[in-house]
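K.L.:
my questions concern the predicted model and sequence given below.
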Amino acid sequence: MGRRVLAAMAHAAMLLAVSGGCVHGVVVDADVGADTDADADVDADSDSDTCTGTVELCNGLDDDCDLDTDEDDVCPCERLRYDRSLYLFCTAPRTWDEARRSCDGFGWGLVGLGGEAENDFVGRAAWDRANSYWWIGLNDLDEEGSFRWAATGEVATFTSFADGEPNDAAPGEDCVSTDYASFGGWNDYPCSNELPYVCELQ
Ligand SMILES: [Ca+2]
Ligand SMILES: [Ca+2]
Ligand SMILES: [Ca+2]
Ligand SMILES: [Ca+2]
């Protein structure tokens, strides 16, 4: 590496050190090291590690560098965090496809449930918010009895159907909801029914 390049890099590093904070949409952490304050930053400067200086979006990040995440009602529905995932609990009833398109429109997806702990969390949080079935991303629209997740197209390896489900009851049930009669249980249900729904950040 030439001396001129090294000099330019040193100059750039100095500028970053002087400016600090979030500049021109770029995350600038000039002082990489241990953090001693209580803000959202793991470095010792005052910006959030996720800040990019853009408009705040509903995405679990502090986009606009004000140390607050997803503030000012940017999320269209109540947002909850569990483990490393984010969920939106949308109580306005939609058909399954409307719900799927609604989640996609937020840049999220209709929720996929990968195991018992996540399923339990989502089932209970849904129950707490509305005593109803809630749409999840599972469906057997393409092939009867082969249940796939909408967001990934993958066949479910974990399932949690309630006793007697899925039963594809007349006139046919190809979309899956939580079952309010049993925490953690699922039911296949007519896709045209309007239910609250859960989105997950993909
Ligand atoms: Ca913010
Ligand atoms: Ca955000
Ligand atoms: Ca079916
Ligand atoms: Ca059913």
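P.N.:
Sure, I can see it. Ligands and ions are numbered 1, 2, ... in the order given.
K.L.:
in this structure, which strand has the most residues?
P.N.:
When the chain is parsed with DSSP state E, its longest strand is strand 85-94.
K.L.:
so how far is it off the chain centroid?
P.N.:
10 Å (Cα atoms, centre = their mean, to the nearest Å).
K.L.:
check which helices and strands the next helix or strand after it sits against.
P.N.:
Tracing the chain C-terminally past strand 85-94 and defining elements by DSSP states H and E, one meets helix 96-105 next. In terms of contacts (3 or more Cβ pairs under 8 Å, 6 or more residues apart in numbering; DSSP states H and E), helix 96-105 is packed against strand 85-94, strand 109-110, strand 135-139, strand 195-200. All C-beta atoms are positioned from the backbone trio N, CA, C, and that covers glycine.
K.L.:
state the mean pLDDT of helix 96-105.
P.N.:
Here helix 96-105 scores 97 as its mean pLDDT.
K.L.:
how about stretch 110-129: buried residues?
P.N.:
110-113, 118-119, 121-123, 125-126, 129 (16 or more other Cβ atoms under 10 Å).
K.L.:
ok, and which of those residues reach ligand 2?
P.N.:
Among the buried residues of stretch 110-129, no residue lies close to ligand 2 (Cβ under 5 Å from the ion).
K.L.:
make JSON lines out of these and add secondary structure and distance to residue 176.
P.N.:
Shown next, in JSON lines, are the buried residues of stretch 110-129 (DSSP: H, G, I helix; E, B strand; the rest coil; distance: Cβ to Cβ, whole Å):
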{"residue": "110", "secondary structure": "strand", "distance to residue 176": "10"}
{"residue": "111", "secondary structure": "coil", "distance to residue 176": "11"}
{"residue": "112", "secondary structure": "coil", "distance to residue 176": "11"}
{"residue": "113", "secondary structure": "coil", "distance to residue 176": "10"}
{"residue": "118", "secondary structure": "helix", "distance to residue 176": "15"}
{"residue": "119", "secondary structure": "helix", "distance to residue 176": "12"}
{"residue": "121", "secondary structure": "helix", "distance to residue 176": "17"}
{"residue": "122", "secondary structure": "helix", "distance to residue 176": "12"}
{"residue": "123", "secondary structure": "helix", "distance to residue 176": "12"}
{"residue": "125", "secondary structure": "helix", "distance to residue 176": "17"}
{"residue": "126", "secondary structure": "helix", "distance to residue 176": "13"}
{"residue": "129", "secondary structure": "helix", "distance to residue 176": "18"}
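K.L.:
now, the most widely separated pair of those?
P.N.:
Maximum pairwise distance in those, criterion Cβ to Cβ, is 19.2 Å, between 112 and 129.
K.L.:
and which of the buried residues of stretch 110-129 is nearest to ligand 3?
P.N.:
Closest approach between these and ligand 3, by Cβ to the ion: residue 110, at 16.5 Å.
K.L.:
not counting its neighbours along the chain, what's nearest the closest one?
P.N.:
residue 137 (3.6 Å; Cβ to Cβ, 6 or more residues apart in numbering).
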